[in-house]
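# Any chance you can model this:
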Amino acid sequence: MRPAPRNKGRLVGHKPPLKLREVWAIRIRLQIANRTRDIALFNLAIDSKLRSCDLVRLRVADVAHAGRVLSRATVLQRETHSPVRFELAEHTRNAVQAWIATKGLGAGDYLFPSRQQRSRHISTRQYARIVDSWVSLIGLDHYDYGTHSLRRTKATLIYRRTKNLRAVQLLLGHTKLESTIRYLGIEVDDALEIAEQTDV
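You can find the predicted model right below:
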């Protein structure tokens with residue numbers, strides 16, 4: 001008899017984005033615990049909408065200039081080799097500024113250095129484990145969420161508020177609109193929303 005698959009009864013495919021109340025629940029828990037690095041990393045992950053491979057490789061100079069964290073930044077994506085711009089909200093700027101000061105990081109340093117000697121910055125695997133710990137903090141099943149949940153969170157909220165797919169495409173750095181549609185799963189969501197509003 002074959003053993004049951006590890007993902008039996010679990011969500012497969014795209015991981016869902018966090019809801020706004022879940023974002024704030026995690027943020028507050030991290031602040032209470034005074035986890036300076038995690039607050040900066042979490043806020044930056046939400047605001048930047050970067051893939052984990054780009055997020056972990058950020059250097060201080062990518063988001064700060066002359067000792068001041070920027071309100072907008074541009075990063076060259078590793079996967080697509082195209083630049084993507086993102087905004088940093090005030091609470092994100094404050095969190096990143098506090099982290100840079102705490103660690104005494106210079107412009108050329110990685111923003112999130114690894115605690116392990118063999119790596120200069122945290123790995124995507126380490127980041128995934130950190131994300132697991134964040135969602136578990138507020139009682140969510142970490143199997144149902146992942147690093148892409150954070151990448152999708154703000155993009156999904158922006159789409160739901162504006163229905164502006166082109167804006168979301170630019171923010172995610174997608175070259176094709178179809179990629180954005182698939183990534184957000186909006187056709188399914190919109191269809192369900194229409195169905196819920198239709199009385200038969």
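# what is the mean pLDDT for the helix or strand where residue 93 lies?
Element membership for residue 93 (DSSP states H and E) is helix 90-103. Helix 90-103 carries an average pLDDT of 96.
# gap between that helix and the chain center?
Offset of helix 90-103 from its chain centre (CA atoms, centre = their mean, to the nearest Å): 17 Å.
# outside of it, which residues touch it?
Contacts to helix 90-103, defined as CB atoms under 8 Å, 6 or more residues apart in numbering, come from residues 27, 36-37, 39-40, 43-44, 46-47, 60, 63-64, 68-71, 88, 105, 109, 111, 113. Glycine gets a C-beta too; all of them are placed from N, C-alpha and C.
# Could you list the buried residues of it?
92-93, 95-97, 99-100, 103 (16 or more other CB atoms under 10 Å).
# With distance to residue 165 added, can I get these in TSV?
Formatted as TSV, those follow (distance: CB to CB, whole Å):
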residue	distance to residue 165
92	24
93	28
95	30
96	29
97	33
99	33
100	35
103	38
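# and which of the residues you listed is nearest to residue 130?
residue 99 (13.8 Å; CB to CB).
# so what's that closest one closest to, chain neighbours aside?
Leaving aside its sequence neighbours, residue 99 sits nearest to residue 40 (CB to CB, 6 or more residues apart in numbering; 3.8 Å).
# In PyMOL, how would I select the buried members of the contacts of helix 90-103?
For the buried members of those, the matching PyMOL selection, counting by 16+ other CB under 10 Å, is:
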select buried, resi 27+36+37+39+40+43+44+46+47+60+63+64+69+88+105+109+111
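# Sort out which of the contacts of helix 90-103 are in strands and list them.
64, 68-69 (DSSP state E).
# can you give me the helices in the chain?
20-32, 36-48, 52-55, 60-63, 90-103, 124-137, 147-162, 165-172, 177-184, 186-196 (DSSP state H).
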